[in-house]
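Visitor: Show me how the following folds:
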Amino acid sequence: MKGISFPLDFVWIKDDKIVDILENIKPPQKDQPDSQIPIYSSKVEVDKVLELNGGTVQRLNIKVGDTIKI
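Guide: This is a model prediction of the structure:
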């Protein structure tokens, strides 16, 4: 998320199913050292990740188990 100035939602996808979600992840602070920037990952193996503006998951009622068509 380095260089991002707004919160993000992460939607992790395996095949065509949403398998994990992290919501409203705050961006790193402006002068935060790279070594202190968290690395985010899914709880399960995935083949895609979709990054959305923070709050989009809640606004669109996206849930684990939903099917996604790309």
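
Visitor: hey, where'd the strands end up in the chain?
Guide: Secondary structure of the chain by DSSP state E: the strands cover 8-14, 17-25, 48-53.

Visitor: Show the pLDDT at the residue nearest to Lys17 when sequence neighbours are not counted.
Guide: Excluding its sequence neighbours, the residue lying closest to Lys17 (Cβ to Cβ, 6 or more residues apart in numbering) is Thr67, at 6.0 Å. Using the backbone N, CA and C atoms, a C-beta is placed for each residue, glycine as well. Residue-level confidence at Thr67 comes out at 98, pLDDT.

Visitor: So which residue is dead centre in this protein?
Guide: For the chain, the residue nearest the mean C-alpha position is Phe10 (1.1 Å; Cα atoms, centre = their mean).

Visitor: Nearest residue to that residue in space, please, no chain neighbours.
Guide: By the measure of Cβ to Cβ, 6+ apart, the closest residue to Phe10 outside its immediate chain neighbours is Leu22, 4.4 Å from it.
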